[in-house]
Every structure is written in C-alpha cells, then in structure tokens.
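Asks: Everything below, folded, please.
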Amino acid sequence: MRGVIYEKLNEIEELYSGDIGSEFVNSLKRGVLGKFVYLKPYKDGYAMYSLEKDLYYLCFALTTPLEEYVQEYSIMTTAIVPFQGFIVCDGLIVHHNVSLGKNMAKEYRDGYWHARKSGQLIKVV
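Replies: Below you'll find the model as predicted:
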C-alpha cells in the first residue's frame, strides 16, 4: 500500500494538499522508499544503508525504537523522510528475516564510518 502512495504523490498532492498540507507532501517527495540495511543505533541516530541508492543515512524513529522491530545488520523495507531538519523512519517496516553475516556486517559498518568521516553520511534528505 505504501508503495502506491509514493507512486502517486503528484496525484495525492493535487487532490489532498489542502487537507494534509503541501509541506508534508513535499517531505514525502524527498523521502526514500526501499530496502535498507539497518546497521545499529548510535547516540545521534540510527545508521541505515540504502541498498538501491548505495548511500548511508542517519535517521530517527518516530515513536518506537527500531531495535524493537529488527535486529542489527538485517534487511528491511521502509521509508525515510525528511522532517524539520532531520530524517525519520516512517515506522512502517517490512522485515525480510535476513541478517547479515559477520564479514558483511563489518563491511557495512566500515562503510558507515567512512561515509561519516568523509562527509557523505546523509543526515537530511
């Protein structure tokens, strides 16, 4: 269902922007829907890697901590959306019951630290 929302954002904006607000629709347009590797929580947010975009993100959860839904270094489908200067995970998560092995987890963890140090870690979409 959520995929349909992202496919039809222009129609939704045209029909409902007065009801839900154009700022909200614009946030969805700048969001990223897809498969992510959930790395782990850090003190300043959740580290996630987009498998489709080959990018690392630092995001926040809306209400429930992500670790209550998925294990570290596992694959999930979700959307991350910019909101008031931050990136938030929209909270709708499809866990694929796939956890990465030790070596792959290390690769993604190293990639996250490289992205962070090089300024390529995305904190705002």
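Asks: which outside residues touch the helix ranked longest in the chain?
Replies: Counting by DSSP state H, the longest helix found in the chain is helix 102-118. Among residues not part of helix 102-118, those counted as contacts by CB atoms under 8 Å, 6 or more residues apart in numbering are 37, 39-40, 47, 49, 55-56, 72-73, 100, 120-121. From N, CA and C alone the C-beta is placed, and that goes for glycine too.
Asks: For that helix, buried residues please.
Replies: 105, 108-109, 111-112, 115-116 (16 or more other CB atoms under 10 Å).
Asks: before we move on, back to that, could you dump the contacts of helix 102-118 into JSON lines and include distance to Ser27, pLDDT and neighbour count?
Replies: Below are these laid out as JSON lines (distance: CB to CB, whole Å; pLDDT from 0 to 100; neighbours: other CB atoms under 10 Å):
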{"residue": "Val37", "distance to Ser27": "23", "pLDDT": "96", "neighbour count": "25"}
{"residue": "Leu39", "distance to Ser27": "23", "pLDDT": "96", "neighbour count": "22"}
{"residue": "Lys40", "distance to Ser27": "25", "pLDDT": "94", "neighbour count": "16"}
{"residue": "Ala47", "distance to Ser27": "21", "pLDDT": "97", "neighbour count": "25"}
{"residue": "Tyr49", "distance to Ser27": "21", "pLDDT": "97", "neighbour count": "22"}
{"residue": "Leu55", "distance to Ser27": "18", "pLDDT": "97", "neighbour count": "16"}
{"residue": "Tyr56", "distance to Ser27": "20", "pLDDT": "98", "neighbour count": "22"}
{"residue": "Glu72", "distance to Ser27": "27", "pLDDT": "94", "neighbour count": "16"}
{"residue": "Tyr73", "distance to Ser27": "28", "pLDDT": "95", "neighbour count": "20"}
{"residue": "Leu100", "distance to Ser27": "30", "pLDDT": "92", "neighbour count": "19"}
{"residue": "Gln120", "distance to Ser27": "22", "pLDDT": "96", "neighbour count": "11"}
{"residue": "Leu121", "distance to Ser27": "20", "pLDDT": "96", "neighbour count": "17"}
